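Asks: Here is my input; please provide its structure:
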Amino acid sequence: MTTTRGFVDRVEIGRAGMVSVRVITATGPVVFTIADLDADPERFNERLTKVALARDAMNRADPVEIESTDGAAGQEIGRIARISRDELGFPSAVQTCGGLVIRVALHARNVVEGEGDAPDEAIVSVLATTGSTMTLRLPMQIPEREVAAQQLGMIRDAQAAGQLMQFLASDTGEKQPTIVAVWAGSDASADGGGTDTGDTASGFVETLGVILPAGTDALDGSLALSRITTAPELTGDGGTVDPAPFDPAALEVFVARGSVPYALLEAALRDNLRVRVRFHAVTAQPPPGPPDRGPKPTGDPARGAARKEVTHVTVGETASSTDSTAVSTAVSTAEPLPALLTEVELLAPLASASRPVWLHIDRHLLDIGPDETDGCTDGLPTSSLKPRSLRDLRIPYTAEWKGCGCFNPGIYRFEITGPQGCAIEVDGKPLCVYDSGTAGVMIAYSCLGGDHCVKIVIPDYVCDTDFNLNVYRIR
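Replies: A predicted model of the protein is given here:
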């Protein structure tokens, strides 16, 4: 009796109840028969059941195992069995891992191998925060087919968004651990903790390309490297910057090519725009140190100093030399590894497309007064014999507000809330001031672009007068 494994691609019933079943095997097609379907009533149900199994296996594309003997019409089926390609066993040990998804491959395996057919599967390549790449396996023919499809969809969405993912996978020493569960979102940290939200930085994109550091597994160009020069964070309305000292630094990040963050970095590099990024630092894991081989021979200290080695750890590189002098675990002397970039925020050239960035504001005459006193004084004007200023006596005077800033090209609207009769000048040229119809609110317009100085003259100003200026671009 011969045992054959394969896939049924045709079932045919001919004259005299002869059933022929063609099976595609690893070596080619083989035709099996079920003879005399309408004879011998005692075994009628057995023959019909064999036909039903072959038909169902053909409809579902499931593999079959057939035991046959040589008959008058060819190989006659003695036993037929359908083989499941489902992953029915749960791994005995699991581990938590994660990182940046950089490649997903979906395989359809329709060839019978060994004792059974391997199920269709997806191969997921992940760049971990340790700087190494790992390959995970997602079986697509588990009994819960919809769950497998949803998991694959989550993984592909994370790849497109450049988002970190966390996986629960088998921990049985496999070269490609099997994925059991997946997590995506802001709480899916790469180290498995689930709480790391990463670091943020602002700056300008200097480079973006697929030339990676030596030893990095590029995975067929699925990974890109970008260098960002950091800049001070922008705070407040109009994009003001804290005057504290700041030293620019170079930040290198890995990003999944073709993802949304990659497209935003590409636009920032092309248009010289400012970006704000969120990234996760990569911590290199030192390889195991060489075994202790006893005391080392002493020699000339000068020669020893000349032979001092400074090595660095590169992504995906593993030391394999047996010479103890060639294996170094001095991670402290290593060059920092690029971080994993997950989110990008793209900003306008001046950090605000509608408002100016004020570089200098002079409120001296507005806040202090013409006599340079120390601000407003409480109390009645004649309550003491101390000298009083114009503010204390509530005598109106003419005040000025000056501001110099950088404007994106466009038409700007100046909205002034203050005493009637306020005048506005831009670079020494007066603008027409219009009544808005609301008491105490005046409006002026100007076409600006670049650096300009604005001066507002406020008549009849006293200490408790309200003054408010709102500037924004309308087109």
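Asks: what number of residues lie near Gln75?
Replies: When neighbours are counted by other Cβ atoms under 10 Å, Gln75 registers 19. Where you see a C-beta, it was placed from the backbone N, CA and C, and this is true even at glycine.
Asks: Hmm, Val30 and it touching each other?
Replies: Yes. Counting by Cβ atoms under 8 Å, Gln75 does reach Val30; the two are 6.8 Å apart.
Asks: Do you know the pLDDT at Thr178?
Replies: Listed pLDDT for Thr178 reads 91.
Asks: Not counting sequence-adjacent ones, nearest residue to it?
Replies: With sequence-adjacent residues excluded and distances taken as Cβ to Cβ, 6 or more residues apart in numbering, Thr178 is closest to Ser170, at 4.4 Å.
Asks: List the contacts of the nearest residue to Thr465 once chain neighbours are set aside.
Replies: Distance criterion Cβ to Cβ, 6+ apart; nearest residue to Thr465, sequence neighbours excluded, is Pro419 at 6.2 Å. Residues in contact with Pro419 (Cβ atoms under 8 Å, 6 or more residues apart in numbering) are 440, 458-461, 465.
Asks: ditto for Val126
Replies: Shown in contact with Val126 (Cβ under 8 Å, 6+ apart): 97-102, 133-136, 165, 167.
Asks: Of these, which is the nearest to Phe204?
Replies: Leu100 (22.7 Å; Cβ to Cβ).
Asks: Was I right to think that closest one contacts Pro338?
Replies: No. Counting by Cβ under 8 Å, Leu100 sits too far from Pro338 to count as a contact (10.9 Å).
Asks: More neighbours: which of the two?
Replies: More neighbours surround Leu100 than the other of Leu100 and Pro338, with 27 against 24 (other Cβ under 10 Å).
Asks: what bridges to that one?
Replies: Residues in a beta bridge with Leu100, per DSSP bridges, are Leu127, Leu164.
Asks: hang on, the earlier thing: overlap in contacts of Leu100 and Pro338?
Replies: Contacts common to Leu100 and Pro338, judged by Cβ under 8 Å, 6+ apart, are Phe254.
Asks: returning to what we had before: for beta bridges, what are the partners of the residue nearest to Thr178?
Replies: When Ser170 is checked against DSSP bridges, its beta-bridge partners turn out to be Val94.
Asks: Quick check: it touching Pro139?
Replies: No. Using Cβ under 8 Å as the test, Ser170 is too far from Pro139 to be in contact (10.7 Å).
Asks: quick one: Asn408 and Leu347, what's the gap?
Replies: From Asn408 across to Leu347, the span is 12 Å (Cβ to Cβ, to the nearest Å).
Asks: How is this structure divided into domains?
Replies: What the record gives for the chain is the domain set 2-82, 94-184, 199-283, 357-473, from automatic domain parsing.
Asks: how distant is the third one from the center of its chain?
Replies: In this case it means domain 199-283. Counting by Cα atoms, centre = their mean, to the nearest Å, domain 199-283 is centred 12 Å from the centre of its parent chain.
Asks: so how far is the first residue of it from its last?
Replies: One end of domain 199-283 sits 14 Å from the other (Cα to Cα, to the nearest Å).
Asks: cool, the shortest one as well?
Replies: Using Cα to Cα, the end-to-end distance of domain 2-82 comes to 16 Å.
Asks: from now on call the first residue 7
Replies: All right, first residue 7 from here; so that's domain 8-88.
Asks: what mean pLDDT does it have?
Replies: Regarding domain 8-88, the rounded mean pLDDT is 84.
Asks: now the strands: where do they sit in the stretch 57-206 of the chain?
Replies: Here the stretch 57-206 of the chain has its strands, by DSSP state E, counting those that start in this stretch, at 69-77, 80-88, 100-113, 118-119, 122-123, 127-133, 139-145, 170-176, 185-190, 205-215.
Asks: from the chain's centre, how far out does the second one sit?
Replies: Centroid separation between strand 80-88 and its chain, computed with Cα atoms, centre = their mean, is 53 Å.
Asks: what's that strand packed up against?
Replies: The contact analysis (3 or more Cβ pairs under 8 Å, 6 or more residues apart in numbering; DSSP states H and E) places strand 80-88 against strand 34-40, helix 50-66, strand 69-77.
Asks: so which of the ones you listed gets nearest Arg11?
Replies: strand 69-77 (5.2 Å).
Asks: and Arg233, what element?
Replies: Element membership of Arg233, judged by DSSP states H and E, is strand 229-237.
Asks: what do you get for His366?
Replies: Element membership of His366, judged by DSSP H and E, is strand 363-368.
Asks: List the buried residues of that strand.
Replies: Residues of strand 363-368 classed as buried: 363-364 (neighbour count, 16 or more other Cβ atoms under 10 Å).
Asks: what helices or strands is that strand leaning on?
Replies: Applying 3+ Cβ pairs under 8 Å, 6+ apart, one finds that strand 363-368 contacts strand 403-423.
Asks: Now do the helix or strand just after the strand it packs on: everything it contacts.
Replies: Where DSSP H and E defines the elements, the next helix or strand beyond strand 403-423 is strand 429-432. For strand 429-432, the surrounding residues in contact (Cβ under 8 Å, 6+ apart) are 420, 422, 436-437, 439, 450, 452, 454, 458-463.
Asks: which stretches of the stretch 157-306 of the chain form helices?
Replies: 266-277 (DSSP state H, counting those that start in this stretch).
Asks: before we move on, the earlier item: right, and the domains of the chain - which one's nearest Glu349?
Replies: Between Glu349 and the domains of the chain, the tightest spacing by Cβ to Cβ is seen for domain 205-289, at 4.0 Å.
Asks: so where is the stretch 357-481 of the chain shaky, pLDDT-wise?
Replies: Scanning the stretch 357-481 of the chain for pLDDT under 70 picks out 357-359, 369-400, 470.
Asks: hmm, 50 instead?
Replies: 375-391 (pLDDT under 50).
Asks: follow-up on the earlier one: report the buried members of the contacts of strand 429-432.
Replies: Neighbour-count burial within the contacts of strand 429-432 applies to 420, 422, 439, 450, 452, 454, 458, 460-463; the criterion is 16+ other Cβ under 10 Å.
Asks: Redo these as CSV? Include secondary structure.
Replies: Shown next, in CSV, are the buried ones among the contacts of strand 429-432 (DSSP: H, G, I helix; E, B strand; the rest coil):
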residue, secondary structure
Phe420, strand
Ile422, strand
Val439, strand
Ala450, strand
Ser452, strand
Leu454, strand
His458, strand
Val460, strand
Lys461, strand
Ile462, strand
Val463, strand
